[in-house]
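> turn this into a structure:
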Amino acid sequence: MAKDSKTADVLVVGAGPSGAAFTWSLSEAGVDVLCLEQGDWPDAGAYPPMFDDHEVRRQGDFNPDPNVRGLSQDYPINNAESSINPLMHNAVGGSSIHWGAHFPRLHPSDFKVKTLDGVGADWPVSYVDLEPFFDLNDKMMGVAGLVGDTAYPPKSPRQMPPIPLGVLGETMAAAFDRLGWHWWPSDSAINTIDYDGRKACNFAGPCELGCARGAKATADVTYWPRALANGARLATGARVREITIGHDGLASGVVYLDADGAVREQKARAVVMACNAIGTPRLLLNSRSLMFPDGLANGSGLLGRNLMMHPVAIVTGVFDKEVDGYKGPLACSLFSHQFYETDLTRGFVRGYGLQVVRTFGPVSAALGGIGVHARAPWGARHRAAFSEVFNHVISVAIIADDLPETANRVELDPELTDGDGIPAPRVVYKTSGNSRKMLDHGIARATELMEAAGARRVMANRQIKATGWHLLGTARMGADPGSSVVDAEGRCHDVPNLYVVDGSIFATGSAVNPTSTIQALALHIADAFKRGAGNRK
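From the prediction side, this is the model:
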């Protein structure tokens, strides 16, 4: 096994949104940071929207499900016992390449649900603690939106005006107004004007297939250029197998396979995990040793436990008029947090968000849209069935607050491995009864909304399986080492120079897209590290 000669001050595993933000922050202070990423730099010129067959590629080599995609940089996931398929992308920029760029923050209440509602766990940090890092991250990413949303405390000014609502958004906004329900234009990490050297969005639509213009704030075009200019180092095609431990019980580096398949060892004074809530516990569990027989940083027994993935239901309305649903970013129209906070008269604890979403193109419409209407039949009835739905549907996603449950977990599969023989993750996940009650309540409310909007037909899917974008909770943050994996500064209780900065550290799930909060947490942890936390052993 070859050994890399230079010991890094800090070694980051994973170059997605959290790893990028953390690396940039430390590089600003002159810290020597090396990041290892098992994927490669994305080629914007090769993104599917650059080609006429982009909708077909969504079903194959650019599918968000690594089990479908099956590329060399991916690892398989045993999801046979999961009601949601985990979705991710391995590249510089991580899953932000596929990301819809909806950019809400968690609510203040999300950080103290145990105190407020007697469920889940309180976080050891608060919304107020993270607020300066939310603001910093907004500037780094660039956020289009409006201040004044009553669902949140006052926010700093947005960098750009919001994405225009268009016919689809205006139709649904009017329906919310008729019902007297909260709604607000989405905060979106998408340029509506030229910003930070990146072009404005041209509203072509397929954001989740990569943005060749750079209008979408993926980590490869926001944080990484600055981090590299500061002297940070980034190695691609580097598949980490395990974290190594010295005789003192501290992390000493990693063993990884380089782009040529050679096994190498990289030493570091501190190791930072940024591999998402499946990849991080996978590597830590695979880093077993005599000193840590149950996996690294697993003294609490909770490593890999409390997996949260945001169950999603979809309600779709069919309208007589054309709604221009395929024109513009899929996930960034408007949202409602009318039913976000706990109201026990509804029959469940916590709440959910309603997110108005646009649609895909004609191939998707023919195949059944986003999991609601039936496929257009072959033969004489195809044209009529296709024309009824294409450019005539609006969907509302119901995003449930997924409370942590120890039975929902990531563990190592005893048989399945990746292409280099590293054990693959096995995901066991069951949507809770509380979440199902939320989804049913949300379907009923979204149906009311569609009727108020004038839909002539309304369809619902109680839960969409391919929605596992939001991977959270498997290395919980907390003050008590017996009930958490990392502390308030992202440091593992059992290994003081080992950190986690991705969605694994979420104590509870919330009911919003988590990327903004994941990055704010990474910046918060980096700030603590620079103030000296990273040097304490």
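
> stretch 301-318: end-to-end distance?
This stretch, stretch 301-318, spans 48 Å end to end (Cα to Cα, to the nearest Å).

> off-centre distance for that stretch?
11 Å (Cα atoms, centre = their mean, to the nearest Å).

> in that stretch, what's buried?
Neighbour counts over stretch 301-318 (16 or more other Cβ atoms under 10 Å) mark 302-318 as buried. C-betas here are computed from N, CA, C, even on glycine.

> where does pLDDT dip in the protein?
Residue ranges of the chain with pLDDT under 70: 1, 5, 371-373, 533-537.

> for it, longest helix please?
In the chain, with assignment by DSSP state H, the single longest helix is helix 433-453.

> measure the residue nearest the centre of the chain to Ala212 for me?
The centroid of the chain falls nearest to His470 when counting by Cα atoms, centre = their mean (4.2 Å). His470 sits 25 Å away from Ala212, going by Cβ to Cβ, to the nearest Å.

> likewise Thr222?
For Thr222, the distance to Ala212 equals 15 Å [Cβ to Cβ].

> neighbour-wise, which of the two wins?
Thr222 (26 against 18; other Cβ atoms under 10 Å).

> quick check, that one in contact with Gly16.
No. Using Cβ atoms under 8 Å, Thr222 is not in contact with Gly16; the gap is 11.8 Å.

> before we move on, back to that, between helix 433-453 and the helix or strand just after the longest helix of the chain, find me the angle.
Past helix 433-453, further along toward the C-terminus, the next helix or strand under DSSP states H and E is strand 457-461. Calculated by axes from the mean of the first three to the mean of the last three Cα atoms, to 10 degrees, strand 457-461 forms an angle of 170 degrees with helix 433-453.

> spit out the contact partners of the closest residue in space to Ser186 that isn't next to it in sequence.
Setting aside the residues directly before and after it, Ser186 is nearest to Cys332 in space (Cβ to Cβ, 6 or more residues apart in numbering), at 4.5 Å. Listed by Cβ atoms under 8 Å, 6 or more residues apart in numbering, the contact partners of Cys332 are 100-102, 144, 163, 186, 188, 190, 207.

> distance check, Leu344 against Ile422.
Per Cβ to Cβ, Leu344 is found 46 Å from Ile422.

> more neighbours, those two?
The residue with more neighbours, out of Leu344 and Ile422, is Ile422; 17 against 8, by other Cβ under 10 Å.

> residues near the nearest residue to the more buried one once chain neighbours are set aside, how many?
Once flanking residues are discounted, Ile422 sits nearest to Arg241: 5.3 Å by Cβ to Cβ, 6+ apart. By other Cβ under 10 Å, 19 other residues sit near Arg241.

> same question, Gly279
The burial count for Gly279: 28, using other Cβ under 10 Å.

> wait, Ala44 sits on Lys216?
No. Assessed by Cβ under 8 Å, Ala44 is found out of contact with Lys216, at 10.7 Å.

> which of those two has more residues huddled nearby?
Taking neighbours as other Cβ under 10 Å, Ala44 and Lys216 compare with Lys216 leading, 28 against 17.

> against Phe203, how distant is the more buried one?
12 Å.

> contacting residues for the closest residue to Ala204 other than its chain neighbours?
Sequence neighbours aside, Pro49 is the residue nearest to Ala204 in space, at 6.3 Å (criterion: Cβ to Cβ, 6+ apart). Pro49 makes contact with 204-206, 209-212, according to Cβ under 8 Å, 6+ apart.

> many thanks, have a good one.
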